[in-house]
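*Asks:* here are the coordinates; sequence isn't available:
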Ligand SMILES: Nc1ncnc2c1ncn2[C@@H]1O[C@H](COP(=O)(O)OP(=O)(O)OP(=O)(O)O)[C@@H](O)[C@H]1O
């Protein structure tokens, strides 16, 4: 009796073997704990350091000076719809008040000089090459740097006394802000020691010897960031002597206020440069895009570029109209457009109708036509607005199209691949895809997630139809690297989707994604979906998207990124009282809501486990999900919580993104979220499908710095409820 071998590996007895394993498990647990602690502390340290850097806090009035705005203009991607690439502190997008004009247009309306009013500008121009000193001046190389300073090139008082022909009169149809009509520049006598840039560009009579194209270029590069100089490097900028830096801007100092603002901007841009370039490394496609073309190259490229611009403007118009319609409807989720008007297969429409989906949501209405056209798309839409269906439908359509031409394969290629960051999300997407495939016989969807047996996965993939695959990156990569027949199946891929794209392109997943992308065919369509798309991720997205991709943003620039019907508040409570406070808040909520359904987010798996045990011992109806639990257990809890009410789910970040638990009434976030995106996604587990909900963020006093990150989200401070002695004793 008492089965099992009597000796164990290494000649150990059963008990020795057991003890050894227990010891190893304890060591592993201690290691994990130490690691989590280190991560947490490192994060806090870096946040605190960041908050102490000059200029870390946002401007109080939410606006910036014109110079900063101009810099931002130059810094953005030169694409319509890329407004979300603007710096967070650029302030609202509006036309800056222009200073009293010292520059007048010879025989033309002054308004032509306003930045951004490209449409009013004359469609012709000339290069100011009459001046012999400017023969080497290549307007196409320099104009971008000149234009932004145009307005700065005045002094605070006095009337103009001398007029000269500005040598940079040219026209470039590619760049709105660089278009300049022929102008005359009035210069004050008091400005005899003209600015460095001005000297280079004004009549040589003023200071001919100082015009130096290279020098001028570096002035611009310094002001706009090193990417303007093709041969520059991070080190170059970092090592620039202070005196030289000062010299570069010495002449721009109109007032002490402006000066300090400028220093602050410099410091801030230095920090940004360091972080963005270092973080992006070779993936910083922007650098490449900005590399200056030669004059000839650029001229030859005009026809193509004009075509591209037309496309972009058309896209922008379409999306602008969509957005206006969306805004006019308020926060309503559904549109008037029905799925049977979307050009998708009637069998899919039938399945949609069975599932109760008749009308499209805003994101579905906006993105579907573009996705079905075969374009690469980057979609940003609030949490719980139906992004999953928005990409599952094109995934099914692309399979249907591909299957028309691939009929003779023994094992069908995988035509659509959907990547997502968590196992629960993968399971959910697979289930949703199955619902939509109800009437499509012979088309199958499978999932590949960690925590299951590799061999079983393999068998399942080979024996069941799998034209659509939903996977998490780690397990997918395992299959790509270890099974050549799997890689062969992927070579037929037509559509690649990244759900929660910003998270997948984040540093944690980036390496895996790069490897996965390398093993996919280049000729494919790629769709990126998320509720949050930070600027850096937008840049890295070029890794997977084609250059002419379309941006669909149903949130809108400057709009609140969280669901409007979710009441958000934060409490600042000493750290040692967090457990008491959680219990107090839960009790209060349970008393108020009959059908309560609460998600409680904790910072680590360890804390999650501890919180769960405490609440369970306090006789609350709780469940737990975190990475330390086996997958079968996680799936069971996920299903139970999805289908029930009067339940509290204590979870780590495995439930932060994408997971759709219907009718969650309250989300509590205990401790500081890792970033703004994490706050938004966690909160997004409530208030889905336009419903109402409540979110509470519980911070310790030293975590309050995080509020800066979400300053534009309507989170109200709330008074912490009193914790009486009885409750305290109970918890302790
Ligand atoms: N056209 C539709 N009509 C009615 N309900 C819909 C429609 N499309 C999606 N839904 C429902 O909306 C809910 C949220 O959808 P989904 O999970 O796709 O949101 P999401 O935008 O992906 O959210 P997240 O950003 O959190 O991932 C789901 O319950 C889904 O069934």
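*Replies:* Nice, I can see it. Fair warning: this is a prediction, and the values are worked out from it, not measured in the lab.

*Asks:* Residues in a beta bridge with the nearest residue to residue 375 once chain neighbours are set aside, which ones?
*Replies:* Among residues not flanking residue 375 along the chain, residue 550 sits closest, at 5.4 Å (CB to CB, 6 or more residues apart in numbering). C-betas here are computed from N, CA, C, even on glycine. Per DSSP bridges, the residues bridged to residue 550 are residue 377.

*Asks:* Show me what from this protein comes close to the ligand.
*Replies:* Proximity of the chain to the ligand, by CB under 6 Å from any ligand atom, involves residues 357, 360-361, 364, 381, 383-389, 531, 658, 660, 662, 684, 688-689.

*Asks:* Please type out the PyMOL selection for whichever of those residues turn out to be buried.
*Replies:* Applying 16 or more other CB atoms under 10 Å to the residues of the chain next to the ligand, the buried members can be selected in PyMOL as follows:
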select buried, resi 357+360+361+364+381+383+384+385+386+387+388+389+531+658+660+684+688
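
*Asks:* before we move on, back to that, burial count for the residue nearest to residue 375?
*Replies:* 22 (other CB atoms under 10 Å).

*Asks:* Do I have it right that it meets residue 370?
*Replies:* Yes: Residue 550 lies in contact with residue 370 (CB atoms under 8 Å); the separation is 5.2 Å.

*Asks:* Just confirm residue 20 is within a helix.
*Replies:* Yes: looking at residue 20 with DSSP: H, G, I helix; E, B strand; the rest coil, it is inside a helix.

*Asks:* For it, give me its contacts.
*Replies:* Residue 20 is in contact with residue 12, counting by CB atoms under 8 Å, 6 or more residues apart in numbering.

*Asks:* With residue 33 as the reference, measure out to it.
*Replies:* 20 Å (CB to CB, to the nearest Å).

*Asks:* Can you report phi and psi for residue 506?
*Replies:* phi -70, psi 170 (degrees, to the nearest 10).

*Asks:* Give me the pLDDT for it.
*Replies:* Per-residue pLDDT puts residue 506 at 86.

*Asks:* Next: residue 117.
*Replies:* Listed pLDDT for residue 117 reads 35.

*Asks:* Just give me the neighbour total for residue 708.
*Replies:* There are 14 residues near residue 708, going by other CB under 10 Å.

*Asks:* Please tell me the pLDDT value assigned to it.
*Replies:* At residue 708, pLDDT is 91.

*Asks:* and what of residue 395?
*Replies:* So residue 395 comes in at 97 (pLDDT).

*Asks:* what sits against the residue nearest to it when sequence neighbours are not counted?
*Replies:* Leaving aside its chain neighbours, residue 395 sits nearest to residue 416 (3.9 Å; criterion: CB to CB, 6+ apart). Applying CB under 8 Å, 6+ apart to residue 416 gives the contacts 395-396, 398-399, 467-469, 493-497.

*Asks:* From residue 463, how far off is residue 416?
*Replies:* In this view, residue 416 and residue 463 are 20 Å apart by CB to CB.

*Asks:* go on, residue 469?
*Replies:* To residue 463, residue 469 is 15 Å away according to CB to CB.

*Asks:* Please say which of those two ends up with more neighbours.
*Replies:* Ranked by neighbour count (other CB under 10 Å), residue 469 and residue 463 place residue 469 first, with 27 against 9.

*Asks:* Okay, now the sheet partners of the host helix or strand of that one, with direction.
*Replies:* According to DSSP states H and E, residue 469 maps onto strand 468-471. Partner strands for strand 468-471, per DSSP bridges, with pairing direction: strand 416-419 (parallel), strand 445-448 (parallel).

*Asks:* Provide the contact partners of the last one at residue level.
*Replies:* With CB under 8 Å, 6+ apart as the test, strand 445-448 has contacts from 426-427, 429-430, 433-434, 437, 457, 460-461, 464, 466-472, 475-476, 479.

*Asks:* so of those residues, which ones are in strands?
*Replies:* By the criterion of DSSP state E, membership of these in strands covers 468-471.

*Asks:* And these, which is closest to the ligand?
*Replies:* Distances from the ligand to the ones in strands among the contacts of strand 445-448, taken as CB to the nearest ligand atom, are shortest for residue 470 (13.3 Å).

*Asks:* For that closest one, give me its contacts.
*Replies:* So residue 470 contacts 418, 420, 426, 429-430, 433, 445-448 (CB under 8 Å, 6+ apart).

*Asks:* likewise residue 686?
*Replies:* By CB under 8 Å, 6+ apart, the contact list for residue 686 reads 563, 566, 599, 664-667, 693-695.

*Asks:* now do residue 385
*Replies:* 333, 361-363, 554, 689-690.

*Asks:* Which entry within these corresponds to the minimum pLDDT?
*Replies:* Lowest confidence among the contacts of residue 385: residue 333, with 81.

*Asks:* one step back: the strand holding residue 469 - what's its average pLDDT?
*Replies:* For strand 468-471, mean pLDDT is 97.

*Asks:* can you check stretch 14-34 too?
*Replies:* Mean predicted lDDT for stretch 14-34 stands at 79.

*Asks:* next one: stretch 659-679
*Replies:* The average pLDDT for stretch 659-679 rounds to 93.

*Asks:* Excluding covalently adjacent residues, which one is nearest to the residue of the stretch 401-550 of the chain found nearest the ligand?
*Replies:* Evaluated by CB to the nearest ligand atom, the stretch 401-550 of the chain has residue 531 as its residue closest to the ligand, separated by 4.2 Å. For residue 531, ignoring the flanking residues on the chain, the nearest one in space by CB to CB, 6+ apart is residue 383 at 4.6 Å.

*Asks:* For ChimeraX, write the selection for the buried entries among the contacts of residue 385.
*Replies:* Selecting only the buried entries of those in ChimeraX, with 16+ other CB under 10 Å as the criterion:
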select :333,361,362,363,554,690
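
*Asks:* Out of the contacts of residue 385, which comes closest to residue 613?
*Replies:* Set against residue 613, the nearest of the contacts of residue 385 by CB to CB is residue 689 (33.2 Å).

*Asks:* how would you label the closest one: helix, strand or coil?
*Replies:* The three-state label given to residue 689 by three-state DSSP is helix.

*Asks:* Just list the residues touching it, thanks.
*Replies:* Taking CB under 8 Å, 6+ apart, one finds 333, 384-386, 662 in contact with residue 689.

*Asks:* again, only this time at 7 Å
*Replies:* Going by CB atoms under 7 Å, 6 or more residues apart in numbering, residue 689 touches 333, 384.

*Asks:* Same question for the one 5 residues further on.
*Replies:* The neighbours of residue 694, taking CB under 7 Å, 6+ apart as the test, are 566-567, 665-666, 686.

*Asks:* Recalculate using a threshold of 6 Å.
*Replies:* Each residue near residue 694 by CB atoms under 6 Å, 6 or more residues apart in numbering is listed here: 567, 666.

*Asks:* Please give the element, helix or strand, for it.
*Replies:* strand 693-699.

*Asks:* Secondary structure added to the contacts of residue 416, as TSV?
*Replies:* Formatted as TSV, the contacts of residue 416 follow (three-state DSSP):
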residue	secondary structure
395	helix
396	helix
398	helix
399	helix
467	coil
468	strand
469	strand
493	coil
494	coil
495	strand
496	strand
497	strand
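
*Asks:* Next, format those residues as CSV and append distance to residue 338.
*Replies:* Formatted as CSV, those follow (distance: CB to CB, whole Å):
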residue, distance to residue 338
395, 20
396, 17
398, 22
399, 22
467, 26
468, 24
469, 29
493, 30
494, 26
495, 24
496, 28
497, 24
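
*Asks:* looking at this, residue 443 is in a helix?
*Replies:* No: according to three-state DSSP, residue 443 belongs to no helix; its state is coil.

*Asks:* Show the backbone phi and psi for residue 703.
*Replies:* Dihedral angles for residue 703 - degrees, to the nearest 10 - are phi -100, psi 0.

*Asks:* Could you give the number of residues near it?
*Replies:* Residue 703: 19 surrounding residues under other CB under 10 Å.

*Asks:* Repeat that for residue 519.
*Replies:* Neighbours of residue 519 under the rule other CB under 10 Å: 15.

*Asks:* what sits against it?
*Replies:* Contacts for residue 519 (CB under 6 Å, 6+ apart) come out as 480, 487.
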